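Novice: I need the structure of the sequence given here:
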Amino acid sequence: NNPAEVNRPEDRQVVRQLAEQWVADWAERDLAGYMDAYSPDFVSSGRNREGYRDYKASVFRSYKNMDLKMTAMRTITHPKYAVVFMNQDFRGDHRFRSRGRKILYWRKENQTWKILQEVFGSISFETQTFSRKEVEALNPILTLSP
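Specialist: Next comes the predicted model:
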């Protein structure tokens, strides 16, 4: 494992663009585009990819109005895998709302990144700010340039 291959800017950019397109396809109810992001091996709540597609199609049809916002997107990459973290705020009509954190696990398949798994939790990610002194206290070996 070569540490230089972790979080390569080109991989992070590609995965972020794919995640942003996935969000846009969801918001626009573009089922074909949305599902294109998923691996053939994707499974969610016991549903394979096709079962999940059918489920999402019924969800998309069930709302007259859908509003989706994703914020605080972060991406971590490795040559074979990537993870995208973000905060999700979804509203469907006036009857359903989900707010929390979404985590997408991606795998590189035939030179293309695909979502292998997704996880949603009801607690959002919060940005943390650390002073230089706090960062240095976390790792005494770490030296920061002035």
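Novice: which stretches in the protein count as strands?
Specialist: Using DSSP state E, the strands of the chain run over 43-44, 47-48, 66-77, 81-92, 96-109, 112-121.
Novice: just list whatever residues bridge to the closest residue to W113 other than its chain neighbours.
Specialist: Distances taken as C-beta to C-beta, 6 or more residues apart in numbering place W106 nearest to W113, at 4.7 Å, with adjacent residues excluded. Every C-beta, even on glycine, is put in place using the N, C-alpha and C of the backbone. With DSSP bridges as the criterion, the beta-bridge partners of W106 are A82, I115.
Novice: any idea how many residues pack against W106?
Specialist: A count of neighbours around W106, defined by other C-beta atoms under 10 Å, yields 29.
Novice: that one contacts Q117, correct?
Specialist: No. Between W106 and Q117 no contact is recorded; they are 9.0 Å apart, counting by C-beta atoms under 8 Å.
Novice: max-length helix in the protein?
Specialist: Secondary structure of the chain read by DSSP state H shows that its longest helix is helix 9-27.
Novice: average pLDDT across that one?
Specialist: Averaged across helix 9-27, the pLDDT comes to 97.
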